[in-house]
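Visitor: Sequence and predicted model, in that order:
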Amino acid sequence: MTEAPRIRPGQAADLKAMANIEKRAAINPWSLSQFLESSLRDSDACLVLEAADGELLGFAVYQCVLDEATLLNIAVAPAQQGLGHGARLLRYLLDRLAQRGVMRLLLEVRCGNHSAISLYRRLGFVDDGRRPDYYPVPGGREDALLMSRELERIT
């Protein structure tokens, strides 16, 4: 029986693997410097999904400000997509934020990223609006869909 991947806080040593996943999974990937800036801002800004052999399968980068949080980036390695890893990572993050007293998680997603939008809606996110021409994509720009989910404080 294969050991299930575990979720743990991200560390500086994970940044290159995260950037590699991002490069393979995203249309307009973050650079390593963007990961350095966003992931190491504080000790609680990043989660990684790690296989039993230590291989990084995915990550989530977020920022908390008072009782709100913003999901800045989330990705799963292309070979691992469709296996429920993104949902597992996002559920873990939602629970972690609720335990910290966060009341709402915000995010933005490319309007053409239908699989991500479907996942977010399945997990209770609602549409809040759009940012026109926000994301650079091959051949032009694409709108961002703004979404959020209210969280219940866990005590």
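Guide: Perfect, thanks for sending it.
Visitor: drop to CA atoms for contacts and neighbour counts, all remaining ones
Guide: Fine.
Visitor: Provide a list of residues in contact with I21.
Guide: Contacts were defined as CA atoms under 8 Å, 6 or more residues apart in numbering; by that measure I21 touches 57-58, 75-78.
Visitor: Could I get the full set of strands for the chain?
Guide: Secondary structure of the chain (DSSP state E): strands at 6-9, 46-50, 56-65, 68-76, 104-110, 126-137, 140-150.
Visitor: sorry, back to before: can you select the buried ones from the contacts of I21 in PyMOL?
Guide: If you want just the buried ones from those in PyMOL, going by 16 or more other CA atoms under 10 Å, the selection is:
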select buried, resi 57+58+75+76+77
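Visitor: which among the contacts of I21 gets closest to N113?
Guide: A75 (12.1 Å; CA to CA).
Visitor: which residues does that closest one contact?
Guide: 21-22, 25-26, 58-60, 86.
Visitor: Looking at those, which is nearest N113?
Guide: Looking across the contacts of A75 and measuring by CA to CA, the closest to N113 is A26, at 10.1 Å.
Visitor: Look up the closest residue to the closest one, ignoring the ones flanking it.
Guide: Spatially, and ignoring its direct neighbours in sequence, A26 is nearest to A75 (7.9 Å; CA to CA, 6 or more residues apart in numbering).
Visitor: Quick check: the gap between Y62 and D133.
Guide: When CA to CA, to the nearest Å is the yardstick, Y62 and D133 sit 23 Å from each other.
Visitor: Settle it for me: which of these two has more neighbours?
Guide: Comparing Y62 with D133 by neighbour count (other CA atoms under 10 Å), the higher total belongs to Y62, at 21 against 13.
Visitor: for the protein, where's the lowest mean pLDDT among helices and strands?
Guide: Comparing every helix and strand of the chain by mean pLDDT, DSSP states H and E singles out helix 32-39 as the least confident one, with a mean of 70.
Visitor: Alright, I will stop here.
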